[in-house]
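Participant: Sequence first, then the predicted structure, then my questions.
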Amino acid sequence: MPVPVSSRLHARYSPRALAATLAWLRVCAVVGQLATVLGVAHLLELPIAEGALLAGITALAAFDAAVWWRLRQRWPVGETEVVAHLAVDTGVLCYLLYLTGGATNPFVSLYIVPIALAAMALSPRHLAASVGIACLAYFIVLIRHEPLPDIASHAAHGGQVFAARDFNLHVLGMAVNFAISAVLLGFFIWRLARDLRRRETLAQRERERALRDEGILAIATQAAGAAHELNTPLSTIRTLVGELRREHPADTPLGEDLALLAGQADRCRDILRELVQVGSAQLTEQAQVQTLPAFIADCAERFRLLRPAVNLDITLADEAHLAPLRIVPALRHAILNLLNNAADASELSASAKVEFAANCTATDVVIEVRDHGPGLPQAVREAAGMRFVSAKRDGLGLGLALTNATIERFHGSLRADAAMGGGTLTRLTLPLSALRAQAQ
């Protein structure tokens, strides 16, 4: 469903993410405010309302602790709640500024920091509420505030030395405020922008995955129809070949060719039957419970029947898990697709070797297939099954796409890298927890 233009910005960042960012900003504010109050009161020895200021900072720290606890809960965070957080922050800042000169305080521009962050996440209505709260707070400290004691007392005496000192302190406060605002805005906006880039990357992957799945579904529909339509001409071919074999002895050249043709026709029949069986198994979620070594041996046996000329080198690590795993037919076909692609790639370099390895870590099952071919182009390696991209001249890229779609059902990943010494190393990673859970 298309996202309305007015809500695209709102969709970029969740209210929970903004609330977490504000919570971190609140930690920085508490530390900075505490250091400022103690420094002014004890280092500069200015007569400020230290107790009242520390009480306000303590209240802000307590509120932030409550927010951190709340963010650990699973309750949804709405924009109204985020505006309430901003209102508390603005209220505490208003209280602190009221006690320290109001709008004449150089730190008054800190009102802008939370608004700048809110502008990147809140809807226009909630952003307007946040801006209104900040403007109201600024107006309050503009007309009602306690003047800084040092400024008031020194201004009454009219001393030029004291006036110069007050001016220097004000300029210093402006410089410190600018530095704090720049650092806070730069850091937290960078964090939000980083989250935005991650969300856009994930959204792009989801779009590619949806397009790929639509293509797979269309191909599956065509394949089902083709399997049904091919059954009739294939039966005719097998019947005619059988009649011709009866007319020509097997020891003649034509008889040998007919025997080969009959074997290939039987193989086509078996493939069509297996296609139907796999589809039925996928619909009913039929599966076998096997250990990892047994699964690898099963895949190797099936592959050797398909490609007897290929030298398949199997390496099974000692850490391979012996616990039963639930193996659906599609997962076995995904491995066979990788092995078949590797064999085709090795043939391009006049090699018949394919390496097949499996290992098991504490959390994942890792299966590696390496060919000794010329290697995959960078674009194909980066696609890695997300799109119908193939390195073969006549390839459709369907094998990798089907493999990747199957792996994603188990929350796994597929990665293709250039292997040391040439060729391509394809690494398939499957979470052990998903396979275990399905086996129970």
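Facilitator: Perfect, I can see it now. None of the values given here were measured: they were computed from a predicted structure.

Participant: low-confidence ranges in the stretch 301-440 of the chain?
Facilitator: The stretch 301-440 of the chain contains residues with pLDDT under 70 at 319-322, 376-399, 437-440.

Participant: Which parts of it are helices?
Facilitator: For the stretch 301-440 of the chain, helices defined by DSSP state H, counting those that start in this stretch occupy the ranges 329-348, 378-383, 398-409, 432-439.

Participant: Go through those helices and name the closest to residue 249.
Facilitator: Of all the helices of the stretch 301-440 of the chain, helix 329-348 sits nearest to residue 249, with 34.5 Å by Cβ to Cβ. Any C-beta I mention is one placed from the backbone N, CA and C, and that applies to glycine too.

Participant: give me the number of residues near residue 361?
Facilitator: Look at residue 361: counted by other Cβ atoms under 10 Å, it has 12 neighbours.

Participant: center of the protein - which residue?
Facilitator: In the chain, the residue lying closest to the centroid (Cα atoms, centre = their mean) is residue 202, at 5.4 Å.

Participant: Tell me the secondary structure of it, please.
Facilitator: For residue 202, the assignment made with DSSP: H, G, I helix; E, B strand; the rest coil gives helix.

Participant: swap in residue 122?
Facilitator: Residue 122 is classified as coil under three-state DSSP.

Participant: For the closest residue to it other than its chain neighbours, grab the count of nearby residues.
Facilitator: Excluding the flanking residues, the one nearest residue 122 by Cβ to Cβ, 6 or more residues apart in numbering is residue 79, at 5.5 Å. Neighbour count for residue 79, taken as other Cβ under 10 Å: 21.

Participant: Residue 47 too?
Facilitator: 12.

Participant: thinking again about what came up before, looking at the helices of the stretch 301-440 of the chain, which is nearest to residue 50?
Facilitator: Distance to residue 50, taken as Cβ to Cβ, is lowest for helix 432-439 among those, at 55.1 Å.

Participant: quick revisit: contacting residues for the residue nearest to residue 122?
Facilitator: Contact analysis of residue 79 by Cβ atoms under 8 Å, 6 or more residues apart in numbering lists 10, 15, 122, 123, 126.

Participant: neighbour-wise, which of these leads?
Facilitator: residue 122 (25 neighbours).

Participant: That residue touches residue 82, doesn't it?
Facilitator: Yes - between residue 122 and residue 82 a contact is recorded at 6.7 Å, counting by Cβ atoms under 8 Å.

Participant: Overlap in contacts, these two.
Facilitator: The contact sets of residue 122 and residue 82 overlap at 15, 18 (Cβ under 8 Å, 6+ apart).

Participant: ok so, going back, export the helices of the stretch 301-440 of the chain to a markdown table and tack on mean neighbour count and distance to residue 307?
Facilitator: A markdown table is the format used below for the helices of the stretch 301-440 of the chain (neighbours: other Cβ atoms under 10 Å; distance: least, Cβ to Cβ, whole Å):
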| stretch | mean neighbour count | distance to residue 307 |
| --- | --- | --- |
| helix 329-348 | 21 | 5 |
| helix 378-383 | 15 | 22 |
| helix 398-409 | 21 | 14 |
| helix 432-439 | 16 | 26 |
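
Participant: Quick check: which of these is nearest to residue 361?
Facilitator: Among the helices of the stretch 301-440 of the chain, the nearest to residue 361 by Cβ to Cβ is helix 432-439 (7.7 Å).

Participant: residues in contact with the closest residue to residue 307 other than its chain neighbours?
Facilitator: Nearest non-adjacent residue to residue 307, counting by Cβ to Cβ, 6+ apart: residue 343, 5.2 Å away. Neighbour list for residue 343: 307, 310, 352, 354, 371 [criterion: Cβ under 8 Å, 6+ apart].

Participant: and the last one, bridged to which residues?
Facilitator: With DSSP bridges applied, the residues forming beta bridges to residue 371 are residue 354.

Participant: Spatially nearest residue to residue 114, not counting backbone neighbours?
Facilitator: residue 86 (5.2 Å).

Participant: Name the residues of the stretch of helix or strand residue 91 belongs to that are buried.
Facilitator: Per DSSP states H and E, residue 91 falls inside helix 79-99. Neighbour counts over helix 79-99 (16 or more other Cβ atoms under 10 Å) mark 79, 81-83, 85-99 as buried.

Participant: Against which helices or strands is the very next helix or strand once past that helix packed?
Facilitator: Counting by DSSP H and E, the next helix or strand C-terminal to helix 79-99 is helix 112-118. Secondary-structure packing of helix 112-118 (3 or more Cβ pairs under 8 Å, 6 or more residues apart in numbering; DSSP states H and E): helix 15-38, helix 79-99, helix 124-143, helix 160-247.
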